[in-house]
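J.: any chance you could fold what I've pasted below:
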Amino acid sequence: MPLNAFKWKHFVGEIIPQTVRRYLKYPLNYKNLKKMMAERGIQVDHSTIMRWVHPYSPEIEKRVRRHFRPTNDSWRVDETYIKVKGKWKYFYRTVDSDGDTIDFMLSSKRDRKAAKNSL
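T.: Residues are numbered from 1 along each chain as shown. Here you go, the predicted structure:
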């Protein structure tokens with residue numbers, strides 16, 4: 001995204017796409033992201049972040065979509081039981097026919113159907 005796309009905005013052009021990208025990539029809400037940005041010395045309101053996410057997220061998604069690893073139509077879900085920070089969790093992993101991991105999920109309860117739906 002060219003930086004002049006953010007002309008006449010209150011914040012520097014690099015701040016907006018970085019903030020939107022963090023919102024899209026990590027499971028953060030607007031207020032958590034506001035705190036994260038404040039730790040970096042950037043004072044921004046959570047409603048401002050929301051107003052950035054709505055118009056800019058489709059453009060960012062369109063630009064990064066082509067960099068995702070292509071998968072074929074054949075995939076399966078692996079299930080195993082692993083210990084995470086001293087607690088046992090179910091680990092579901094979606095694998096394509098080449099053996100490459102597409103996505104994964106940790107769950108405290110065994111629920112293969114929910115894992116397939118979320119992956």
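J.: ok but Val95 is inside a strand, no?
T.: Yes: counting by DSSP: H, G, I helix; E, B strand; the rest coil, one finds Val95 located in a strand.
J.: how much space between it and Lys109?
T.: When distances are taken as CB to CB, to the nearest Å, Val95 and Lys109 turn out to be 22 Å apart. Every residue, glycine included, has its C-beta placed from N, CA and C.
J.: comparing the two, which residue is more hemmed in?
T.: Under the criterion of other CB atoms under 10 Å, the comparison of Val95 against Lys109 puts Val95 first, with 17 against 7.
J.: residues touching that one, list them.
T.: Listed by CB atoms under 8 Å, 6 or more residues apart in numbering, the contact partners of Val95 are Trp75, Arg76, Val77, Asp78, Thr101, Ile102.
J.: mind checking which of those land in strands?
T.: Filtering the contacts of Val95 for membership in strands, criterion DSSP state E, returns Trp75, Arg76, Val77, Asp78, Thr101, Ile102.
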